[in-house]
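Visitor: Starting from these lines, generate the structure:
(one chain, ligands or ions: 1)
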Amino acid sequence: MSVKRPFVVCDRNTYKAAGEKAISLLKEAGIDYRLFVYESTPRKMEPDEMAVGSLTMAFDTACDGIIAVGSGVINDCCKVLANKVKLPLSVVATAPSMDGYASSSSSMIRNHIKVSLYVECPHAILCDIDIMKDAPMEMLMAGLGDMLAKYIAICEWRISNLVTGEYYCENIANLMRSSVNKCWNMADRLMTRDPAAVAAVTEGLVLSGIAMSFANISRPASGLEHYFSHLWEMMALARGEECHLHGIQVGVGSVITLHLMDELRKVLPGREQAEKAMSAFSQEVWEEEMRAIFGAIAPAVIADEKTTLINDPLRHAQRLEKILANWPEILRMMEEELPATGEILSKMKALNMPHAPIDLGIDLDETRKAFIGSRVIRDKYLTSTLIWDLGLTQQFADLLKVAY
Ligand SMILES: [Zn+2]
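Guide: Numbers count the residues shown, from 1 in each chain. Now for the predicted structure:
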């Protein structure tokens, strides 16, 4: 890559954290550049049409590359721009707050709805731990929260492989296992901004993006906990409210999912219960429920069901056979992959990290809706799908209060 005139993108904070230094290095090297700094606004910047639009309007077509200086939103927007103008993107990371650095998708908001846009991976990612360790503490916690998801993601991936026959790769799973363990073993050292702990989280987050690119799906890095976060975010957006950092919400979603999995391990699944729930299933009632959960986007969710066939009784019956025949194996997967919920909770508390939905101002009704809605927004086999397959959705929705 021999970029001669990069378009450098920062906001006021990331300019101070790393942009200034990047610019002086470019000057020293005699490389011409164009700088774009997002102005501060009273509201948190969102990765939406407005943010990409201001970038596009400022873009200088004489530039032959893009350098994103920042983390979440700046990366997402620069990926979209780089993809549209077909130029290589490099990233100067400023915070280990999310795992999107190396991923080939951008998490965007289009028309007030969260969407994933498939773009290209960056050509280079620079993570200077001396810069990363000085990121706001909330962002360090967010990175740790996004890493907590990986325990669940790998466990659900294995279960899905067993129940639905979905592709699974042990090598990629191993890559994630060693990363997530390293991060959580050093979690207490994040509080003091220990460079080794910050490096572990940074490396884990970048590797997660690489793992998702290897697998070509989000499986290695995201499971039910991410759906709690996505749905809470959708609900906040619909009310015109700001949401919390992605990784912070994912951390809380992970704790809820761990609670649900703990409860699931106590269950003795029965054919009768599962079949009774399936025969009582009413498409009309379900559509009504979807309208209550998804509001404006409910018609799209309901229409999707025609192709994903998530409510199809025949498919349910096939999955149920697999689940009932392999329940000890599913229990073994949970035993092997999941950390002890109590241990994770005490580490989060020691770090002053939000660990319950109430810490984020999210009430039980929203969490209930997110749990029920998670099964339907994409055709992905999650813990909530497994619970639905067993006819236990209502029972588990009532158990969500344990996370409060
Ligand atoms: Zn994530």
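Visitor: Tell me where the chain has strands.
Guide: With DSSP state E as the criterion, the chain has strands at 6-11, 34-38, 65-70, 89-93, 105-110, 113-118, 124-126.
Visitor: Provide a list of residues in contact with the nearest residue to L331 once chain neighbours are set aside.
Guide: Using Cβ to Cβ, 6 or more residues apart in numbering and skipping the chain neighbours, the partner closest in space to L331 is R265 (6.1 Å). No exception for glycine: its C-beta is placed from N, CA and C like everyone else's. Residues in contact with R265 (Cβ atoms under 8 Å, 6 or more residues apart in numbering) are L331, M334, E335.
Visitor: Can you give me the pLDDT of the last one?
Guide: Right, E335. pLDDT, E335: 98.
Visitor: What is the burial count for it?
Guide: By other Cβ atoms under 10 Å, the residues close to E335 number 10.
Visitor: which residue packs closest to it, ignoring adjacent ones?
Guide: Leaving out its chain neighbours, the residue that sits closest to E335 by Cβ to Cβ, 6+ apart is R265, at 7.9 Å.
Visitor: picking that back up, dump the strands of the chain into TSV; add distance to D365 and mean neighbour count as well.
Guide: As requested, these are arranged in TSV below (distance: least, Cβ to Cβ, whole Å; neighbours: other Cβ atoms under 10 Å):
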stretch	distance to D365	mean neighbour count
strand 6-11	35	24
strand 34-38	35	17
strand 65-70	35	27
strand 89-93	37	25
strand 105-110	23	19
strand 113-118	20	14
strand 124-126	40	16
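Visitor: Just send those back as a markdown table, with mean pLDDT too.
Guide: Formatted as a markdown table, the strands of the chain follow (pLDDT from 0 to 100):
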| stretch | mean pLDDT |
| --- | --- |
| strand 6-11 | 97 |
| strand 34-38 | 96 |
| strand 65-70 | 97 |
| strand 89-93 | 97 |
| strand 105-110 | 87 |
| strand 113-118 | 82 |
| strand 124-126 | 96 |
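Visitor: of all the ones you listed, which lies closest to T164?
Guide: strand 113-118 (21.0 Å; Cβ to Cβ).
Visitor: What angle do strand 105-110 and that closest one make with each other?
Guide: Per axes from the mean of the first three to the mean of the last three Cα atoms, to 10 degrees, the angle that strand 113-118 makes with strand 105-110 is 150 degrees.
Visitor: Identify the residues contacting strand 113-118?
Guide: Applying Cβ under 8 Å, 6+ apart, the external contacts of strand 113-118 come out as 79-80, 83, 104-109, 230, 233-234, 237, 297.
Visitor: same thing but 10 Å
Guide: For strand 113-118, the external contacting residues (Cβ atoms under 10 Å, 6 or more residues apart in numbering) are 47-48, 52, 76, 79-80, 83, 103-110, 218, 229-231, 233-234, 237-238, 243, 294, 296-297, 300, 377-378.
Visitor: How far off centre is that strand?
Guide: 12 Å (Cα atoms, centre = their mean, to the nearest Å).
Visitor: Direction included, what does it pair against?
Guide: Here strand 113-118 has these sheet partners by DSSP bridges: strand 105-110 (antiparallel).
Visitor: For the strand it pairs with, give me every contacting residue.
Guide: Here strand 105-110 has contacts from 46-52, 72-73, 75-83, 98, 100, 114-121, 209, 212-213, 218, 230, 233-234, 237, 246, using Cβ under 10 Å, 6+ apart.
Visitor: Okay, and the beta partners of I67?
Guide: Beta-bridge pairing for I67 (DSSP bridges): V8, S90.
Visitor: so who does it touch?
Guide: 3, 6-10, 19, 22-23, 26, 33, 35, 78, 82, 88-92, 122, 124, 126.
Visitor: Look up how far A236 lies from the nearest residue to V255 once chain neighbours are set aside.
Guide: With sequence-adjacent residues excluded and distances taken as Cβ to Cβ, 6+ apart, V255 is closest to H355, at 5.3 Å. Taking Cβ to Cβ, to the nearest Å as the measure, H355 falls 19 Å from A236.
Visitor: Those two - which one has more neighbours?
Guide: Counted by other Cβ under 10 Å, H355 and A236 do not tie: H355 has more neighbours, with 24 against 18.
Visitor: can you give me phi and psi for the residue nearest to L331?
Guide: phi -70, psi -20 (degrees, to the nearest 10).
Visitor: please renumber so the chain begins at 642
Guide: Sure thing, new numbering starts at 642, so read that last one as R906.
Visitor: quick one: it and H900, what's the gap?
Guide: R906 is 11 Å from H900, by Cβ to Cβ.
Visitor: With T805 instead?
Guide: From T805 to H900 the distance is 24 Å (Cβ to Cβ).
Visitor: Please work out which helix or strand belonging to this protein has the smallest mean pLDDT.
Guide: When the helices and strands of the chain are scored by mean pLDDT, DSSP states H and E, strand 754-759 comes last with a mean of 82.
Visitor: As PDB, could you dump the C-alpha coordinates of it?
Guide: Output of strand 754-759 as PDB, limited to C-alpha atoms (Å, rounded to 0.1, in the frame of the first residue of the first chain):
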ATOM      1  CA  ILE A 754     -32.800   1.200  12.300                       C
ATOM      2  CA  LYS A 755     -29.600  -0.700  13.100                       C
ATOM      3  CA  VAL A 756     -28.100  -2.500  10.100                       C
ATOM      4  CA  SER A 757     -24.800  -4.300   9.300                       C
ATOM      5  CA  LEU A 758     -23.300  -3.100   6.000                       C
ATOM      6  CA  TYR A 759     -20.800  -5.500   4.500                       C
END
